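**Student:** here's my sequence, what's the structure:
(chains A and B)
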Amino acid sequence: MSETTDISAPLAQQMAVHPAAEIKAARPAPPPPASEPDAGERESRNWRGLLESVAIRGGAVLVSLVLFGIFCALAGADPFKVYHSVYRAAFGSWYSFQNTLVRAAPIMLCALGTALPMQLGLVVIGNEGAFVMGGLGAVIVGTTWVSAPHYVALIAMAVAGMVFGGLWILSIGSMKLHRGVNEVISSLLMNYIAIAILNHLVNGPMHDPSSLNKPSSYPIPDANMLGSIPGTRVQFGLVYGLIACVLAWFLIAHTTLGFKIRTVGGNIRAARIAGLSVGKITLLTCFLGGAAAGLAGMTEVAAVQGQASASLAAGYGYAGILVAFVARQNGLGVLFVSILLGGMLASGGMLQRENHLSDATVIVFQGIVFLTILFSESLYGRFKIFQEKSA
Amino acid sequence: MFNMKFSSLLATAVVAAGSLLSLTVSAADGKVKMGFIYVGPKDDYGYNQSHAEGCAAVQKLGWVSAVEEASVPETTVVAETMRDMIEQDDCTVLFPTSFGYFNPYILKMAKEYPKVQFFHCGGMWHEGLPDNVGSYFGYIDEAEYICGIVAAETSKTKKIGFIAAKPIPQVLRNINSYTLGARSVVPDATVQVVFTGDWSLPVKEAEAANSLVDQGCDVLTCHVDSPKVIMITAAKRGVMCTGYHADQSALNPKGYLTGAEWNWSKIYSDYAQWIHDGKSLMAGTIPHLIRGGLKEGFCKVSPYGPMVSDKTKADADAAKAKFMDGTMVIYKGPITDNTGKIVIPAGTEEKQQDINLETMNYLVAGVIGKTGN
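**Tutor:** Numbering: from 1, shown residues only, chains lettered A, B, ... in the order given. Predicted coordinates for the structure are as follows:
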């Protein structure tokens, strides 16, 4: 569920017995004030809330670093050297920060595939499928319309990627809406179907006969490739990701549609009673989420791989699920958590080459950091210092 | 909503606080710096382990210093790894070993770093590609042919189970050579194939192994990245096996008959020696394309296990001797596929270097299974 903001708080309170709302109520979070607070009170609460969030998240990262340090010490490495390597490999210089961004770029867009439907209360984990379908869509357009001028081809591929990915997740939303199919299971299974379609196409109808031992589609012409952000080695998809994250945040937090989406997520019955067209809102949100993941697939083929092959299903979609949860489904959160994850992944090589830790160490690191952050969520409202004095 | 932004910035700052110093590794010791990249773990009892053993061998040479990175996916991540090895570790020679690293990642990096030599396993280099890229690959199906002889003679049911990843030419060639080897000594032996669909699917591989044993196969073998789970399943079910990629005798000490192993130690030591002698791809003193089989030392056959009889050892050694002196031709017509079609007519020989073998799309008679086309 999303963070409850001031606008939706009164409505959320009116909402009766939605399971998710109950869980939320069971949390020791302070109930939002029923009456409109005056300006001064609100400012103070914002300030304390901000401080609480910074302290809890910062504390979680510190604790996770200590835990990871203990792990490294047990594995025979000097924890402080390891921290130094992680910093140097991920954030230490523009050179290494680009490595971080290279890894963050595809994950950012994929994470929106989970974050947006989550605002509706739907746990969609079909990002990998939408990513693959988006990549396929882009390749189909890019390899059939080879004579298109550069920018036209790029726009066409991006639109194809978004439509393919969007329809993929929309179908999951539709199954939920019309047939009550559990979206967690259906979206997971749809991933396997997407990968099977990919394998079928690159082995059959789209197969380039010259790709003997690694079945692939025909390549997108070099002239129509997306390339990198000028002056960097980061693929252009990062720009799409940054824009999409900001747009997603703005959509959810500052538009009427976003308010409607959050209302549906807060209590679907109340939303219906309020006269919202739940069906349309659900399908649209699912489409937008899928379109983001599909666009990630498009950038992967158009900026990096140049063709479709089994390598397309590289796990970016699954990484996106993790990022969406840690970021609490917030668009801006997705942006920063993706970069944090990109940094952790970027440090994986240095951990192996310099600290002689095993290749699984980076996964342990990732697990410790994200579990600690997720655990820290349960600490909100537990520290008196961040609470308002009761009136 | 802004909370997230600030706290994440703080998180970044905390990580950043780890140190303010940035050091670089220097290459002042005059050693040849090599980087090895694997797609999976180094101890997978398979493809990656075989390459890691090759790396360990060159590291023993006093004048080589090698860095390794394992579990690097075939995405832009491998480009970053290569770049880091060049920029941070001063590597001048790279061995990115997975097939899928080649296009576009190795080609792209090779253009960006023309002074670094890239050696790729898989034999993809051709005229027109960057000068500082070289390919190497081995005819390991020669070792598979010998494994087929040992398996067929030792099997009691004359049924062999073969678990393979994908029906691509490289894999089909191994299955066919294995079968031709088996049927050269036991003409009615059969090889039943199960394709799992991908290079590393341990659960499917175990299921396939069990079902093949249930159907009466008493020797199992495979062509997947890590044969570990198949060898262990064979041991648990009390059947025999022949290995692939690396020596897996430790996993089934009783039933391990022999195996087709890569011998990258030799190939990588050769490359290291050439580079130490000042040779290079760019100068044309190291060939861009290197291939070979048992004779050239690209592959080897695992030591025979306890269940192999002396007669079988003699038969296998006789075949090996013919490979070593170059008189053995595996693909000698007439060869029919398992649908009855003649794929190599009588009187035609397709030697190992024959380009036709690289586009193989059939399974020879004696194989139970379909290529999927």
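**Student:** quick check: phi and psi on whichever residue of the stretch 201-350 of chain A sits closest to chain B?
**Tutor:** Closest residue of the stretch 201-350 of chain A to chain B, C-beta to the nearest C-beta: A:F336 (3.4 Å). C-betas here are computed from N, CA, C, even on glycine. Backbone torsions of A:F336, given as degrees, to the nearest 10, read phi -80, psi -40.
**Student:** that one reaches A:N330, doesn't it?
**Tutor:** No: the criterion here is C-beta atoms under 8 Å, and A:F336 misses it with A:N330 at 9.3 Å.
**Student:** mind listing the helices for the stretch 1-150 of chain A?
**Tutor:** With helices called from DSSP state H, counting those that start in this stretch, the stretch 1-150 of chain A shows them at A:9-14, A:19-26, A:39-74, A:79-90, A:94-119, A:127-144, A:150-179.
**Student:** any idea which of these is most buried?
**Tutor:** Mean neighbour count (mean count of other C-beta atoms under 10 Å in any protein chain shown) peaks for helix A:127-144 among the helices of the stretch 1-150 of chain A, with a mean of 30.
**Student:** what mean pLDDT does it get?
**Tutor:** The pLDDT scores in helix A:127-144 average 96.
**Student:** for that helix, name the packing helices and strands.
**Tutor:** helix A:94-119, helix A:150-179, helix A:183-203, helix A:278-299, helix A:316-326 (3 or more C-beta pairs under 8 Å, 6 or more residues apart in numbering or on different chains; DSSP states H and E).
**Student:** tilt between the longest one and helix A:127-144?
**Tutor:** For the pair helix A:150-179 and helix A:127-144, the angle between their directions (axes from the mean of the first three to the mean of the last three C-alpha atoms, to 10 degrees) equals 140 degrees.
**Student:** then the fourth one?
**Tutor:** Between the direction of helix A:278-299 and that of helix A:127-144, the angle (the same axes, to 10 degrees) works out to 60 degrees.
**Student:** kindly export helix A:278-299 (C-alpha atoms) in CSV.
**Tutor:** The C-alpha trace of helix A:278-299 is given here as CSV (Å, rounded to 0.1, in the frame of the first residue of the first chain):
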residue,chain,number,x,y,z
VAL,A,278,-13.0,0.9,-10.9
GLY,A,279,-12.6,-1.3,-14.1
LYS,A,280,-11.2,1.5,-16.2
ILE,A,281,-8.9,2.7,-13.5
THR,A,282,-7.6,-0.8,-12.9
LEU,A,283,-7.0,-1.5,-16.5
LEU,A,284,-5.3,1.8,-17.2
THR,A,285,-3.0,1.5,-14.2
CYS,A,286,-2.0,-2.0,-15.1
PHE,A,287,-1.4,-0.8,-18.7
LEU,A,288,0.9,2.0,-17.5
GLY,A,289,2.8,-0.3,-15.2
GLY,A,290,3.3,-2.9,-18.0
ALA,A,291,4.2,-0.1,-20.5
ALA,A,292,7.0,1.0,-18.2
ALA,A,293,8.4,-2.6,-18.0
GLY,A,294,7.9,-3.0,-21.7
LEU,A,295,9.8,0.2,-22.4
ALA,A,296,12.6,-1.3,-20.3
GLY,A,297,12.6,-4.3,-22.7
MET,A,298,12.7,-2.0,-25.7
THR,A,299,15.7,-0.1,-24.3
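**Student:** tell me the mean pLDDT for that helix?
**Tutor:** So the average pLDDT for helix A:278-299 ends up being 96.
**Student:** mind putting the helices of the stretch 1-150 of chain A into a markdown table with distance to A:V202?
**Tutor:** Compiled in a markdown table, those are given as follows (distance: least, C-beta to C-beta, whole Å):
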| stretch | distance to A:V202 |
| --- | --- |
| helix A:9-14 | 47 |
| helix A:19-26 | 40 |
| helix A:39-74 | 39 |
| helix A:79-90 | 33 |
| helix A:94-119 | 19 |
| helix A:127-144 | 9 |
| helix A:150-179 | 15 |
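**Student:** which one of those helices lies nearest to A:N267?
**Tutor:** helix A:19-26 (5.9 Å; C-beta to C-beta).
**Student:** any stretches of the stretch 1-150 of chain A with poor pLDDT?
**Tutor:** Low-confidence segments of the stretch 1-150 of chain A (pLDDT under 70): A:1-45.
**Student:** could you report the pLDDT at the residue nearest the centre of chain B?
**Tutor:** In chain B, the C-alpha nearest the mean C-alpha coordinate belongs to B:Y47, at 4.8 Å (C-alpha atoms, centre = their mean). B:Y47 is assigned 95 on the pLDDT scale.
**Student:** likewise B:L20?
**Tutor:** For B:L20, pLDDT reads 31.
**Student:** over to A:N182?
**Tutor:** With respect to pLDDT, A:N182 has a value of 96.
**Student:** any low-confidence regions in the stretch 1-150 of chain B?
**Tutor:** For the stretch 1-150 of chain B (pLDDT under 70), the answer is B:1-29.
**Student:** for it, what spans make up the strands?
**Tutor:** Using DSSP state E, counting those that start in this stretch, the strands of the stretch 1-150 of chain B run over B:32-37, B:64-69, B:93-96, B:117-121, B:133-138.
**Student:** just the angle for whichever strand or helix holds B:R183 relative to strand B:133-138, thanks.
**Tutor:** In this assignment (DSSP states H and E), B:R183 forms part of helix B:169-185. With the same axes, to 10 degrees defining the directions, helix B:169-185 sits at 20 degrees from strand B:133-138.
**Student:** and the helices in the stretch 101-250 of chain B?
**Tutor:** B:107-112, B:141-154, B:169-185, B:202-214, B:228-237.
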